[in-house]
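In: A predicted structure for the sequence below; I have some questions about it.
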Amino acid sequence: MKILIVSQYFWPETFIINQLAIHLADQGAQVDVFTGKPNYPAGKIFEGYQSSGVLNEVYAGKVNVYRAPLRPRFSGRAKDLLLNYLSFVVSGLRYFPGFARGKEYDFIFVFATSPITAVIPAIPLKYKCNSSLVVWVQDLWPESLSATGFIKNRVALWLVGLMVRAIYFFADMILVQSKAFESQVAKYASLNKVSYYPNSIDPLSMASETNAALPDDIERVLRERFCLVFAGNIGHAQAVGVIIAAARKLIDLPEICFVLVGSGSMSEWVQSEARKYNLNNVILAGRYPIGVMSRFYDGAKGLLVTLKSDPVLDLTVPSKVQAYLASRRPILGALNGEGARVIVESGGGLVAPADDPEAFVRSIRAFYAMSDEERDAMGAAGHRYFENNFDMKQQVEKLVELFKVGLDEGRNLS
């Protein structure tokens with residue numbers, strides 16, 4: 001089986017599509033990747049790469065990677081992001097057909113993070129390479145544009161909806177990362193094209209890097225205090241204000257410490273609030289490679305996931321939830337919708353409503369009062385749920401079976 005992955009993001013950028021490509025190759029598939037030059041999240045082209053020119057390299061000794069020129073994200077301002085997204089479309093349309101010259105693929109698999117326009121360069125390849133086009137939807141368009149306020153004009157949103165409908169028209173199968181996405185995507189595509197295929201985690205990718213160590217002060221805090229760790233993007237959507245509010249309300253329990261690992265648009269605000277209120281129970285640890293994250297998880301009593309209340313975000317399962325479940329540590333959530341459902345259904349944690357600091361504090365106090373055995377049992381339940389629903393090896397096996405059905409029946413997947 002020959003599979004072409006089209007993705008704006010790929011190794012050395014940290015996305016789940018990296019491990020998924022390896023697992024597809026391990027399943028016996030020939031896997032190629034068409035992508036751009038790595039620059040996420042800092043907005044600078046990674047060392048060893050240039051923004052101009054094309055490049056062919058091999059990832060993990062088994063995946064051929066073809067890179068087209070790309071304008072980096074730079075500061076991440078709206079204009080820079082728009083130009084970055086457009087550059088992937090333009091470069092993809094220009095260079096990807098050359099990468100594919102003389103090749104045929106059974107499937108073109110698009111890792112469709114925002115924006116959905118990343119699918120556009122794959123559409124002509126579908127016909128050039130005599131392939132079926134599979135789109136794995138990670139974010140809802142145009143709903144996310146409206147929810148974030150990026151586009152407020154109804155006519156503009158309607159036009160984006162027409163574009164989404166056209167993109168989905170060319171897809172033979174549309175996979176969605178959340179069950180709640182199915183009905184939303186079906187507004188723009190035939191429901192028989194749409195299937196649930198969740199994000200997954202390769203536990204081996206979370207293994208500690210043996211030569212990496214955390215700073216001594218972080219190691220000491222994790223060892224000596226009751227640490228609740230938040231990992232990932234520290235942005236507006238993550239509602240980190242709930243964590244700061246909880247920290248202010250829990251100063252009567254000095255053992256509890258909130259450790260935020262990552263960076264984002266709200267990082268400086270978190271630091272400012274911690275200084276403003278003299279919160280010695282809040283630590284902004286900064287960014288770390290994925291191979292170091294298990295050190296934080298192992299030292300945590302619980303892992304935090306927060307998400308603001310929003311009709312679109314409520315449909316999403318934050319990817320950190322799968323990583324948390326895989327870590328065997330219990331979860332403390334302040335979110336609604338699908339993410340909350342997964343945590344509750346797994347038995348792997350406690351959940352409070354989004355944007356409700358009082359309820360979140362009650363959950364934390366209840367969690368603090370539990371015995372180590374009770375917390376460990378909660379983490380074990382979450383891990384069992386992970387193995388049954390989000391383990392990457394099993395999920396890729398299911399994906400390959402979906403592909404094989406299409407090949408065996410000698411028809412498109414639609």
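Out: Looks like it came in fine.
In: And the longest helix anywhere in the chain, what does it pack against?
Out: Ranked by residue count under DSSP state H, the longest helix found in the chain is helix 78-99. When contacts are defined as 3 or more C-beta pairs under 8 Å, 6 or more residues apart in numbering; DSSP states H and E, helix 78-99 sits against strand 30-35, helix 122-128. (C-beta placed from N, C-alpha, C; glycine too.)
In: between it and strand 30-35, how many degrees?
Out: If you take axes from the mean of the first three to the mean of the last three C-alpha atoms, to 10 degrees, helix 78-99 sits at 140 degrees to strand 30-35.
In: Show me which positions of helix 78-99 end up buried.
Out: If you call a residue buried by 16 or more other C-beta atoms under 10 Å, then helix 78-99 has these buried ones: 81, 84-85, 87-93, 95-96, 99.
In: Stretch 118-138 now?
Out: For stretch 118-138, burial by neighbour count (16+ other C-beta under 10 Å) applies to 118-123, 125-126, 128-129, 131-138.
In: Distance across it, terminal residue to terminal residue?
Out: With C-alpha to C-alpha, to the nearest Å applied, stretch 118-138 spans 12 Å between its terminal residues.
In: One more: stretch 116-131?
Out: End-to-end span of stretch 116-131 (C-alpha to C-alpha): 20 Å.
In: Distance check, the residue lying farthest from the centre of the chain against A246.
Out: Within the chain, the residue lying farthest from the chain centre (C-alpha atoms, centre = their mean) is D252, at 35.1 Å. Distance, D252 to A246, by C-beta to C-beta, to the nearest Å: 12 Å.
In: domains of this protein?
Out: As assigned by automatic domain parsing, the chain contains the domains 2-200+391-408, 204-389.
In: Distance from the first one to the middle of the chain?
Out: Read it as domain 2-200+391-408. Between the centre of domain 2-200+391-408 and the centre of its chain there are 13 Å (C-alpha atoms, centre = their mean, to the nearest Å).
In: Same check on the last one?
Out: Relative to the mean C-alpha coordinate of its chain, domain 204-389 is positioned 16 Å out (C-alpha atoms, centre = their mean).
In: tell me the average confidence for that domain?
Out: Averaging pLDDT along domain 204-389 yields 93.
In: and the longest helix of the chain, average pLDDT?
Out: Across helix 78-99, the average pLDDT comes to 95.
In: then it to CSV, C-alphas only?
Out: Provided in CSV are the C-alpha atoms of helix 78-99 (Å, rounded to 0.1, in the frame of the first residue of the first chain):
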residue,chain,number,x,y,z
ALA,A,78,-3.0,37.6,12.1
LYS,A,79,-1.3,38.9,8.9
ASP,A,80,1.8,36.7,9.4
LEU,A,81,-0.4,33.6,10.0
LEU,A,82,-2.5,34.4,6.9
LEU,A,83,0.6,34.7,4.7
ASN,A,84,2.1,31.5,6.2
TYR,A,85,-1.1,29.6,5.4
LEU,A,86,-1.3,31.0,1.9
SER,A,87,2.3,30.2,1.2
PHE,A,88,1.7,26.5,2.0
VAL,A,89,-1.2,26.5,-0.5
VAL,A,90,0.8,28.3,-3.2
SER,A,91,4.0,26.3,-2.7
GLY,A,92,2.0,23.1,-2.5
LEU,A,93,0.2,23.7,-5.8
ARG,A,94,3.5,24.7,-7.4
TYR,A,95,5.9,22.1,-6.1
PHE,A,96,3.9,19.0,-4.9
PRO,A,97,3.1,17.9,-8.5
GLY,A,98,6.8,17.8,-9.2
PHE,A,99,7.5,15.8,-6.1
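In: and L284, helix, strand or coil?
Out: Using DSSP: H, G, I helix; E, B strand; the rest coil, the three-state assignment for L284 comes out as strand.
In: For it, give me its contacts.
Out: L284 makes contact with I234, L260, S267, V270, Q271, A274, according to C-beta atoms under 8 Å, 6 or more residues apart in numbering.
In: Most neighbours of all those, which one?
Out: L260 (27 neighbours; other C-beta atoms under 10 Å).
In: Doesn't that one belong to a strand?
Out: Yes. Under three-state DSSP, L260 sits within a strand.
In: looking at it, it is touching V240, isn't it?
Out: Yes. L260 is within contact range of V240, at 7.1 Å (criterion: C-beta atoms under 8 Å).
In: joint contacts of the two?
Out: By C-beta under 8 Å, 6+ apart, the residues touching both L260 and V240 are F230, I234, V270.
In: Among these, which one lies nearest to Y66?
Out: I234 (33.2 Å; C-beta to C-beta).
In: hang on, that closest one in a strand?
Out: No. Read with three-state DSSP, I234 is coil and lies in no strand.
In: which non-adjacent residue is nearest it?
Out: G264 (3.7 Å; C-beta to C-beta, 6 or more residues apart in numbering).
In: Where does that neighbour fall, secondary structure wise?
Out: G264 is part of no helix or strand, with elements assigned from DSSP states H and E.
In: Return the residues in contact with it.
Out: The contact partners of G264, taken as C-beta under 8 Å, 6+ apart, are N233, I234, G235, Q238.
In: Is it possible to get a markdown table of the residues you listed that adds distance to L191?
Out: Shown next, in a markdown table, are the contacts of G264 (distance: C-beta to C-beta, whole Å):
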| residue | distance to L191 |
| --- | --- |
| N233 | 32 |
| I234 | 37 |
| G235 | 32 |
| Q238 | 32 |
